[in-house]
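Colleague: Sequence and predicted structure below; questions after.
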Amino acid sequence: MDQLSRESAVSVQAIQRFEAGYEVRDVTRLALAFCLEAQGLVFFPGFTPAAA
């Protein structure tokens with residue numbers, strides 16, 4: 001989780017909130033999505049990472 005936090009510029013606390021199902025800002029979801037995509041993760045077509 002520390003590596004994801006560093007690479008996405010999202011705090012560990014925000015990542016933990018997101019994983020627990022709490023609401024996080026759109027910019028947080030997008031930062032995580034872009035970071036994961038850069039590492040090779042492919043989201044389903046039509047999936048919008050910013051959508052709650």
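Modeller: That came in fine, so what should we check first?
Colleague: which stretches of the chain have low pLDDT?
Modeller: Residues of the chain meeting the criterion pLDDT under 70: 47-52.
Colleague: Distance from the one helix or strand Val27 maps to to the middle of the chain?
Modeller: In the assignment (DSSP states H and E), Val27 maps to helix 26-38. With Cα atoms, centre = their mean, to the nearest Å as the basis, helix 26-38 stands 4 Å off its chain's centre.
Colleague: List the buried residues of it.
Modeller: Across helix 26-38, burial judged by 16 or more other Cβ atoms under 10 Å covers Thr28, Arg29, Ala31, Leu32, Ala33, Cys35, Leu36. Heads up, the C-betas are built off the backbone N, CA and C, glycines and all.
Colleague: so which of those comes closest to Met1?
Modeller: Nearest to Met1 among the buried residues of helix 26-38: Leu32, at 11.2 Å, using Cβ to Cβ.
Colleague: which residue packs closest to that closest one, ignoring adjacent ones?
Modeller: Ser8 (5.3 Å; Cβ to Cβ, 6 or more residues apart in numbering).
Colleague: OK, contacts around the one you found?
Modeller: Ile15, Ala31, Leu32, Phe34, Cys35 (Cβ atoms under 8 Å, 6 or more residues apart in numbering).
Colleague: Over to it: give its phi and psi.
Modeller: Main-chain dihedrals, Ser8, degrees, to the nearest 10: phi -100, psi -10.
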